[in-house]
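Asks: Let's see this in three dimensions:
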Amino acid sequence: MAQRKKITKIAAFFQVTRQRIHQILIKFKKTGEIPFLKKPGREPKEIDGETETIIIETHKKYNLGAVHLERKRSMEGISHITQFTKFF
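Replies: Numbering: from 1, shown residues only. Reported below is the predicted structural model:
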């Protein structure tokens, strides 16, 4: 019971789940190395200037966030443009 409380406190401190703390402990016990966490999410991709201009103009016109902006563009028949979130 005392072990569970310690794990819970550690997880709360680092803002991760108890399961993630257990995964880290298991990896440490197997390898003896301290695992380092990577930054979450995918890496942003560079886009060309024309695409950037289209995104910015559309955002100014409709004042929408990335997800709703992409939906609006698809309803208008404009092709899918990836990486909207890079600008917002």
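Asks: Contact partners for the residue nearest to residue 14 when sequence neighbours are not counted?
Replies: If you skip the residues right next to it in sequence, residue 14 has residue 21 as its closest partner in space, 7.7 Å away by Cβ to Cβ, 6 or more residues apart in numbering. Heads up, the C-betas are built off the backbone N, CA and C, glycines and all. Residues in contact with residue 21 (Cβ atoms under 8 Å, 6 or more residues apart in numbering) are 7, 10-11, 14.
Asks: tell me, what residue is most central in this protein?
Replies: Of all residues in the chain, the one closest to the mean position by Cα atoms, centre = their mean is residue 41, 3.6 Å from it.
Asks: Let me know the secondary structure of the residue nearest to residue 62 when sequence neighbours are not counted.
Replies: Closest residue to residue 62 apart from its sequence neighbours, by Cβ to Cβ, 6+ apart: residue 72 at 5.7 Å. For residue 72, the assignment made with DSSP: H, G, I helix; E, B strand; the rest coil gives helix.
Asks: Report how many residues lie close to residue 29.
Replies: Residue 29 is flanked by 8 other residues according to other Cβ atoms under 10 Å.
Asks: Could you pull up the contacting residues of it?
Replies: By Cβ under 8 Å, 6+ apart, the contact list for residue 29 is empty.
Asks: one step back: identify each buried residue in the helix or strand where the residue nearest to residue 14 lies, please.
Replies: For residue 21, the element it lies in under DSSP states H and E is helix 18-31. Across helix 18-31, burial judged by 16 or more other Cβ atoms under 10 Å covers 21, 24.
Asks: Now the element after that helix, going C-ward?
Replies: helix 49-62.
Asks: Just name whatever secondary elements that following helix is in contact with.
Replies: helix 66-75 (3 or more Cβ pairs under 8 Å, 6 or more residues apart in numbering; DSSP states H and E).
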